[in-house]
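Undergrad: no sequence on this one, just coordinates:
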């Protein structure tokens with residue numbers, strides 16, 4: 001089945017060239033620094049890699065979901081899960097709130113800079129006591145004339161330390177015990193808004209070049225016109241964007257695993273033991289075959305859900321399956337690829353060591369595997 005046409009493959013070559021020349025040589029440096037330089041964003045904007053599905057009148061590419069799929073896959077080939085995640089948050093997890101629900105005035109004001117990489121985005125939904133339970137949001141927004149006043153805090157916010165635009169979920173009214181999702185709204189907030197503070201930059205196991213922050217809001221005044229969508233129904237928009245986020249996570253997991261397996265195959269072909277290359281040993285060959293089969297299954301599960309989502313179908317169940325399957329798949333692939341590298345797989349000089357740490361996030365971020373199972377069961381009306 002042909003998923004990508006000639007135009008998609010041309011785009012893939014352009015992204016891969018950029019990654020090979022301008023990303024891969026610097027990945028170790030970015031990991032040590034604990035952040036990706038902001039100069040990468042206008043460069044990606046210049047090349048047309050940001051906002052590929054947004055309307056051309058805002059500076060986007062007016063392309064299809066397959067173009068986004070290509071971008072996700074090639075970002076991960078950089079062997080930097082951090083860059084892939086940072087780009088995914090900017091293009092597919094934060095800015096869609098503006099594109100889908102923002103007023104025309106807000107879109108005209110902010111989307112061109114988002115597409116050009118002049119304004120980096122983050123999505124601030126998660127709170128320290130909430131995690132996957134979005135309906136438990138405690139950050140409050142109170143209407144005061146022509147502003148909303150926000151008070152609260154957010155945790156684990158990717159791009160949070162360096163972002164220029166913050167898409168923040170806050171509660172306008174208290175929901176009942178049976179309708180906790182009611183009263184949540186989304187707001188677009190500029191970086192230098194008084195009352196917005198980056199409390200601290202978090203130190204993580206993996207994805208170390210992707211800055212992750214804790215945020216605090218104290219009497220932060222946000223203009224009424226910066227409300228995204230209708231007041232009080234933001235929960236549904238968060239859930240809608242979550243579907244896209246989970247597809248991106250699936251694409252990242254599959255393409256990242258494929259790259260790690262490529263590196264592992266190259267290693268076992270070069271590494272000699274017991275009078276021959278490791279790749280000639282049956283136990284190694286069969287392990288590689290198992291991993292390749294697992295990755296291929298994850299790829300086509302993900303592709304099918306992406307195409308259905310792009311066609312506007314209701315695929316909550318299928319997307320949850322993608323997130324569950326590919327996240328668990330990534331844990332096995334990461335474990336076995338390190339094992340196949342032997343002692344060298346434990347050394348930071350080999351990319352597989354970073355891959356192992358980065359992939360641990362996949363069963364946690366964007367909704368845990370346990371939550372995915374619960375969603376699937378509900379969709380099956382169990």
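TA: Sure, I can see it. Computed from a predicted structure; not experimentally measured.
Undergrad: how far is stretch 233-243 from where the chain is centred?
TA: 15 Å (CA atoms, centre = their mean, to the nearest Å).
Undergrad: low-confidence bits of this structure, can you list those?
TA: Low-confidence segments of the chain, defined by pLDDT under 70: 174-180.
Undergrad: which residues touch stretch 3-20?
TA: Residues external to stretch 3-20 that are found in contact with it (CB atoms under 8 Å, 6 or more residues apart in numbering): 44, 47, 49, 63, 66-67, 69-71, 73-75, 77-78, 303, 307. Using the backbone N, CA and C atoms, a C-beta is placed for each residue, glycine as well.
Undergrad: can you give me the helices for the stretch 251-382 of the chain?
TA: Under the criterion DSSP state H, counting those that start in this stretch, the stretch 251-382 of the chain contains helices at 282-310, 316-341, 351-359, 369-379.
Undergrad: turn the ones you listed into TSV, including mean neighbour count and distance to residue 123.
TA: Listed next are the helices of the stretch 251-382 of the chain as TSV, based on neighbours: other CB atoms under 10 Å; distance: least, CB to CB, whole Å:
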stretch	mean neighbour count	distance to residue 123
helix 282-310	17	18
helix 316-341	22	17
helix 351-359	23	20
helix 369-379	16	17
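Undergrad: grab the nearest non-local neighbour of residue 205.
TA: residue 357 (5.5 Å; CB to CB, 6 or more residues apart in numbering).
Undergrad: what sits against the one you found?
TA: 205-208.
Undergrad: for residue 123, same thing?
TA: With CB under 8 Å, 6+ apart, residue 123 has these contacts: 89, 93-94, 97, 157-158, 167, 241.
Undergrad: from these, which land in strands?
TA: 157-158, 167 (DSSP state E).
Undergrad: now the strands: where do they sit in the stretch 1-150 of the chain?
TA: 121-124, 140-144, 147-158 (DSSP state E, counting those that start in this stretch).
Undergrad: tabulate those (JSON lines), appending distance to residue 171.
TA: Output for the strands of the stretch 1-150 of the chain, formatted as JSON lines (distance: least, CB to CB, whole Å):
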{"stretch": "strand 121-124", "distance to residue 171": "13"}
{"stretch": "strand 140-144", "distance to residue 171": "6"}
{"stretch": "strand 147-158", "distance to residue 171": "8"}
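Undergrad: just to revisit the earlier point, most neighbours, which of the ones in strands among the contacts of residue 123?
TA: Ranked by the number of neighbours (other CB atoms under 10 Å), the ones in strands among the contacts of residue 123 place residue 167 first, at 27 neighbours.
Undergrad: that residue and residue 90: what is the separation?
TA: Counting by CB to CB, to the nearest Å, the separation of residue 167 from residue 90 is 11 Å.
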